[in-house]
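# Turn this into a model:
(one chain, ligands or ions: 2)
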Amino acid sequence: MYDNEMDNFFNENRNAIYLLFKRYLELNKAFLLSSELQDEYKAFTNSKAGSVLKGSRLETMFLNAQEAAIQDPWFYMTSRNDVASWQYVRFHVHDILYETIFVDEFLKFKEHMVEPGQREDEWIIEYDIEPFNREFPRLKDKRSIGQGVSFLNRYLSNRLFGDLEKGDKRLVDFLRVHQYNGQQLMINYKIKTVKELQKNLQSAIDYLETKPEDTDVEELKDHLHSLGFEPGWGRDAARMIDTFTLLSSILEAPDPKELETFLARIPMIFNLAVISVHGYFGQSNVLGLPDTGGQVVYILDQVRALEKEMRHRIYSQGLDIEPQILVVTRLIPEAGQTTCDMPEENIIGTRNAKILRVPFRNENGDIIPHWISRFKIWPYLERFAREAQKAILAELSGKPDLIIGNYSDGNLVAYLLSQSLGVTQCNIAHALEKTKYLFSALYWKNNEENYHFSAQFSADLLAMNAADFIITSTYQEIAGHKNTIGQYESYASFTMPDLYRVVNGVDVFDPKFNIVSPGADANVYFPYTYEERRLKDLHPELEEMIYGSPQDDTVGQIADNTKPLIFAMSRLDHIKNITGLVEWYGKSEKLQAKANLFLVAGYVNIDESKDHEEKEQIQRMHHLIQEHQLQDKVRWVGRQLNKNFTGELYRFVADQKGVFVQPALFEAFGLTVVEAMSSGLPTFATMYGGPLEIIEHGKSGFHIDPNYGERVVNSLLKFFDRSKKEKKYWTNISNAAIKRIESRYTWQLYASRLMTLSRVYGFWRYVSNLERDDTRRYLEMFYGTVYKKLANSVPR
Ligand code: UDP
Ligand code: LCN
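Ligands and ions are numbered 1, 2, ... in the order given. Now for the predicted structure:
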């Protein structure tokens with residue numbers, strides 16, 4: 001595709017453009033990333049020769065450049081001009097030509113560079129979901145991304161209820177599908193048409209208005225039954241009138257808000273299966289073990305909040321049914337200090353929620369005894385799903401009403417279960433690995449030995465396209481930010497040379513995406529100022545852990561305990577970058593003079609770790625502490641702490657006017673950030689990922705760029721200095737952090753939103769089910785012919 005305006009610009013500025021490309025070629029790199037492309041461009045246009053390019057369209061392209069693939073004389077580049085808006089172009093470096101191209105051409109060029117043996121016209125699978133989505137509604141405005149349900153309500157009220165007058169029976173039929181243990185709910189066979197429904201709703205309202213508002217459903221049910229109404233409308237006359245009126249008004253003049261409120265009341269979720277396969281899923285002694293962090297915390301808090309919300313909704317609609325939630329995970333016989341070898345465990349703080357553990361088996365059917373890294377889990381999942389299905393059906397005496405998958409492995413299992421049982425599927429990614437590792441797809445072969453991304457990304461494509469709806473913790477998780485790519489967005493197009501090419505992997509404008517942010521357990525993580533709730537009895541133990549003499553699981557002994565603490569806590573993965581923090585601290589004597597460093601992460605003893613990345617990080621930690629002689633300024637604890645202890649630890653650090661630092665190279669969401677902020681601890685967290693959205697920079701905390709350690713050190717120094725000079729500075733940031741979390745990140749808000757979404761998507765699934773068959777078949781084919789082979793190629 002040619003572009004006259006650009007052609008003219010190229011003709012007029014041949015020399016400058018040539019010099020620009022020459023500069024890039026001289027970097028001698030096959031691939032350039034956004035920062036390299038943009039920095040080099042800025043440097044060039046600041047020179048005399050380059051200044052003519054300023055303000056041009058070419059400049060916009062280069063300032064938004066994301067990636068370039070260079071093979072003299074060709075320079076292929078992609079730029080992201082806005083959230084989820086991509087442009088692909090190529091330049092001929094010597095002829096100074098420019099052309100816009102299609103995504104597949106860009107991907108093919110990259111493939112050719114990585115696999116020079118592969119012919120450009122060689123046939124390779126192209127994954128393309130776009131044709132299947134053509135008939136489906138799609139958001140238009142980037143600001144609406146992640147608010148799928150509001151859009152869907154508008155769409156449904158327009159489309160479905162526009163058809164009602166023509167006798168569209170879908171709503172009536174939908175109201176009739178609800179049952180619990182054989183008991184009919186909502187409406188029965190007496191109501192067959194929309195007209196009958198409208199008429200009987202009026203009769204029911206008239207009847208109820210003759211009764212006192214608090215008349216119990218028991219007294220009313222016989223008459224309502226004769227009108228075609230079954231339990232599920234409300235516990236007393238007042239609530240029933242309200243629900244009937246809501247529906248009656250929707251049938252007359254559909255309104256999206258009313259539709260949502262009405263659907264949110266339908267008793268359709270009694271049993272829930274939550275799938276979380278990898279890591280050590282347990283209630284104590286697990287956090288900080290490999291693959292075991294926020295996801296476990298998230299799910300346990302989520303289950304408690306959901307059970308409460310489900311019970312409340314079921315009760316308000318007049319039913320006496322106890323909701324049941326199962327968290328299905330992997331049984332690990334060699335469970336160490338954890339309970340992961342127990343097939344069942346009740347979840348503390350719930351009435352009826354359980355952890356159900358199903359083992360992995362080898363080809364002979366023997367149970368695998370040991371922990372398996374989340375990157376090597378793939379060959380076990382299909383069988384796991386089959387056994388999990390049996391266990392769930394037996395435990396619930398029937399199907400669950402909703403299946404929630406977690407992370408790539410849990411989402412794949414949720415996909416298999418939901419297909420097999422015909423149940424609504426919700427996905428939660430927690431973290432998609434694709435954006436965490438540089439060139440994870442392009443150089444997938446190099447990563448296979450340790451990471452098996454080929455299987456993981458294929459599982460992700462399957463699960464995200466099969467899901468009825470997807471919950472994300474932030475907007476950036478879906479579509480990124482002006483300058484960063486969203487985690488889901490990164491699946492829109494990519495290539496794994498020699499394997500397959502994705503030209504349309506997922507559409508971030510799909511209304512299936514909804515932002516529902518998690519919180520932190522408010523019973524555990526509360527402000528340090530709540531004196532009467534504080535666990536002061538733990539203080540001697542905390543003192544000992546931070547300042548006491550060295551133990552088997554600690555390194556370093558802080559000499560001067562009058563300085564505030566810089567506290568960091570995370571799993572000891574490379575991406576968490578705790579070693580980066582130690583290095584920045586080690587290199588800054590000024591910072592060492594201002595504060596001590598306190599770390600809770602992984603193990604201190606390398607022999608205790610079974611994870612290759614963790615081992616590497618442990619080694620590096622020891623090395624850095626020695627190299628910078630930090631033994632009397634740093635305390636590193638490698639121990640699993642229970643959450644009440646952790647809660648008081650954040651507050652203990654706050655008492656001393658310390659700070660929390662989350663230095664990750666990328667953090668999908670960052671529960672520690674929410675925990676620290678809830679405690680009132682000023683927090684410095686990575687600008688890559690969730691914390692960018694959680695923290696308002698300079699107000700409720702600070703963003704840091706882990707690629708520039710010196711800048712991080714400077715902002716910490718500035719903070720400590722200002723806190724010393726301005727009496728209220730530390731407290732202002734602390735208060736704003738607490739406020740920020742209270743207003744946005746709570747489990748109560750989460751549970752209410754998720755329960756409403758589940759019902760709206762349940763309805764949407766019902767009305768669009770048949771239309772989805774072609775997608776389902778396409779995904780099955782991909783599962784059978786691509787994913788399954790990749791999964792089985794992972795060594796067991
Ligand atoms: N955590 C902990 N001890 C550790 C590391 C982590 O208790 O050594 C807890 C932490 O309090 C938080 C969770 O594990 O609740 C980590 O969640 P986050 O979202 O920050 O990171 P993830 O591990 O999920 O990547
Ligand atoms: C996984 C992560 O990496 C974190 O960023 C999240 O906070 C956690 O899961 C919970 O969703």
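# any idea how far the spatially most central residue of the chain is from ligand 2?
For the chain, the residue nearest the mean C-alpha position is His430 (3.3 Å; Cα atoms, centre = their mean). As for His430, its distance to ligand 2 is 3 Å (criterion: Cβ to the nearest ligand atom, to the nearest Å). Where you see a C-beta, it was placed from the backbone N, CA and C, and this is true even at glycine.
# So that residue belongs to a helix, correct?
No - His430 is assigned coil when assessed by DSSP: H, G, I helix; E, B strand; the rest coil, not a helix.
# can you pull the contacts of Trp636?
The contact partners of Trp636, by Cβ atoms under 8 Å, 6 or more residues apart in numbering, come to 554-556, 599, 601, 604, 621, 625.
# hmm, 6 Å instead?
Trp636 makes contact with 555-556, 599, according to Cβ atoms under 6 Å, 6 or more residues apart in numbering.
# Repeat that for Leu259.
With Cβ under 6 Å, 6+ apart, Leu259 has these contacts: 153, 157, 250.
# Also Thr435?
Neighbours of Thr435 in contact, by Cβ under 6 Å, 6+ apart: 487, 490.
# What's the end-to-end length of stretch 24-34?
With Cα to Cα, to the nearest Å as the measure, stretch 24-34 spans 13 Å from end to end.
# Next, the buried residues of that stretch.
For stretch 24-34, a neighbour-count test (16 or more other Cβ atoms under 10 Å) marks 24, 31-32, 34 as buried.
# Including distance to Phe75 and pLDDT, could those residues go into TSV?
Converted to TSV, the buried residues of stretch 24-34 look like this (distance: Cβ to Cβ, whole Å; pLDDT from 0 to 100):
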residue	distance to Phe75	pLDDT
Tyr24	7	96
Phe31	11	97
Leu32	9	97
Ser34	15	93
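# Give the residue spans of this structure that score low on pLDDT.
Applying pLDDT under 70 to the chain flags the ranges 1-2, 161-168.
# From ligand 1, how far out is the residue in the chain positioned nearest to ligand 2?
Closest residue of the chain to ligand 2, Cβ to the nearest ligand atom: Gly294 (2.8 Å). Counting by Cβ to the nearest ligand atom, the gap from Gly294 to ligand 1 is 2 Å.
# What's the local residue count around that residue?
Using other Cβ atoms under 10 Å, Gly294 is surrounded by 22 other residues.
# Surely it is in contact with Val673?
No - the criterion here is Cβ atoms under 6 Å, and Gly294 misses it with Val673 at 10.1 Å.
# Identify the contacts common to those two.
Counting by Cβ under 6 Å, 6+ apart, no residue touches both Gly294 and Val673.
# Surely Ile377 is in contact with Asp409?
Yes - in terms of Cβ under 6 Å, Ile377 counts as a neighbour of Asp409; the distance is 5.2 Å.
# on that earlier part again, any chance of the buried residues of stretch 24-34 in JSON lines with secondary structure and distance to Phe469 as columns?
Converted to JSON lines, the buried residues of stretch 24-34 look like this (DSSP: H, G, I helix; E, B strand; the rest coil; distance: Cβ to Cβ, whole Å):
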{"residue": "Tyr24", "secondary structure": "helix", "distance to Phe469": "43"}
{"residue": "Phe31", "secondary structure": "strand", "distance to Phe469": "35"}
{"residue": "Leu32", "secondary structure": "strand", "distance to Phe469": "37"}
{"residue": "Ser34", "secondary structure": "helix", "distance to Phe469": "31"}
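# okay if I get those residues as TSV plus distance to ligand 1?
Putting the buried residues of stretch 24-34 into TSV (distance: Cβ to the nearest ligand atom, whole Å) gives the following:
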residue	distance to ligand 1
Tyr24	36
Phe31	28
Leu32	29
Ser34	24
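# now for these, which pair is the farthest apart?
Farthest-apart pair in the buried residues of stretch 24-34 is Tyr24 and Ser34; separation 13.3 Å (Cβ to Cβ).
# For the closest residue to Ile347 other than its chain neighbours, grab the count of nearby residues.
Distances taken as Cβ to Cβ, 6 or more residues apart in numbering place Ala353 nearest to Ile347, at 4.2 Å, with adjacent residues excluded. Number of residues near Ala353 (other Cβ under 10 Å) recorded here: 22.
# ok so, going back, quick one: which of the contacts of Trp636 has the most company?
Ranked by neighbour count (other Cβ under 10 Å), those have Leu599 at the top, with 29 neighbours.
# List the beta-bridge partners for it.
Going by DSSP bridges, Leu599 is paired in beta bridges with Ala568, Trp636.
# how near is it to Lys22?
46 Å (Cβ to Cβ, to the nearest Å).
# Residues of the chain that sit close to ligand 1?
287-288, 293-295, 297, 569-571, 600-601, 641, 646, 669-672, 675 (Cβ under 6 Å from any ligand atom).
# Now do the same contact list for Asn561.
Contact partners of Asn561, counting by Cβ under 6 Å, 6+ apart, are Tyr547.
# Let me know the secondary structure of it.
coil.
# again, but for Arg501
strand.
# Just give the nearest non-adjacent residue to it, would you?
The shortest distance from Arg501 to any non-neighbouring residue, by Cβ to Cβ, 6+ apart, is to Thr495 (4.5 Å).
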